[in-house]
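Colleague: Here you go, sequence then predicted model.
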Amino acid sequence: MTKNKHFSKFNFKKFDEITTVDEVVRVFKEIYLIRWRLSERHEIKYHIENNTISTEHRKKMLQIFLDGCEFDLSPYTLAILYFLMENRVLHKLGYFVNVLKYYFADEANLMLVEVISRFEIDKEVLEIYKSSLEYLYNKKVAYIYKKVPDILGGLKLRWFSGEIDMTIRRKVNGIQKILVEGKGSLW
């Protein structure tokens, strides 16, 4: 972590009250959700990330944006966002999310798996994948949910070294390939 020039000043030890895996996952999920919500609101994202605007003004704008979130923010999430803003690297929030994901995951023997789908997926459906991944990687698995309206249906599980694609698009592409190549049967 200290080798990363953008985040070398960030001291995770300051956040020593983040002691449980659940709290780590909570902070990560909040920053992850904020990142995706900001990417959908270009005008707000531009002003919050614009280093030519005063930090105080950008903090006020960030707070107004965060007040619109339907979940209660951890004080650590807010402290991390302010740290990034004060150090003029909030525009690298997506990159920071990835750095944070791997750093905290290693510290907590945790693997964060993205569940990408158009629709909300029942946790019971995902339990078999969670059990399998925990067995294979010998780590605790936590899910991070990302709704993507472009996915026709199904879901995709993505983690640092792999992916399970169960989307309708993948199935349609498979059928198309069979038809184009003229091989095999559809059934």
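Modeller: That came through, no problem.
Colleague: What ranges does this structure have for its strands?
Modeller: With strands called from DSSP state E, the chain shows them at 110-117, 140-147, 154-159, 162-167.
Colleague: Compare those strands and report which one is nearest to residue 59.
Modeller: strand 140-147 (26.0 Å; C-beta to C-beta). Heads up, the C-betas are built off the backbone N, CA and C, glycines and all.
Colleague: Strand partners (parallel or antiparallel) of the closest one?
Modeller: In the sheet, strand 140-147 lines up against strand 110-117 (parallel) (DSSP bridges).
Colleague: Could you give the separation of the partner strand from the chain centroid?
Modeller: From the chain centre to the centre of strand 110-117 is a distance of 8 Å (C-alpha atoms, centre = their mean, to the nearest Å).
Colleague: how far away is residue 123 from residue 22?
Modeller: Applying C-beta to C-beta, to the nearest Å, the value for residue 123 to residue 22 is 15 Å.
Colleague: now residue 105
Modeller: With C-beta to C-beta as the criterion, residue 105 and residue 22 are 14 Å apart.
Colleague: in the sheet, who's paired with the closest residue to residue 130 other than its chain neighbours?
Modeller: Excluding the flanking residues, the one nearest residue 130 by C-beta to C-beta, 6 or more residues apart in numbering is residue 141, at 4.8 Å. Residue 141 has these beta-bridge partners by DSSP bridges: residue 111.
Colleague: Low-confidence ranges, the chain, go.
Modeller: 1-19, 21, 101, 104, 183-187 (pLDDT under 70).
Colleague: Contacts only, for the residue nearest to the spatial centre of it.
Modeller: What sits nearest the mean C-alpha location of the chain, by C-alpha atoms, centre = their mean, is residue 32, with 4.0 Å. Residue 32 sits next to 97, 144, 146 when contact means C-beta atoms under 8 Å, 6 or more residues apart in numbering.
Colleague: Which residue, other than its chain neighbours, is closest to residue 117?
Modeller: Per C-beta to C-beta, 6+ apart, closest to residue 117 is residue 155, 4.0 Å.
Colleague: In contact with that neighbour, which residues?
Modeller: Contacts of residue 155 (C-beta under 8 Å, 6+ apart): 115, 116, 117, 121, 166, 167.
Colleague: Are any of those residues buried, and if so which?
Modeller: When the contacts of residue 155 are checked for burial by 16 or more other C-beta atoms under 10 Å, the buried set is 115, 116, 117, 121, 167.
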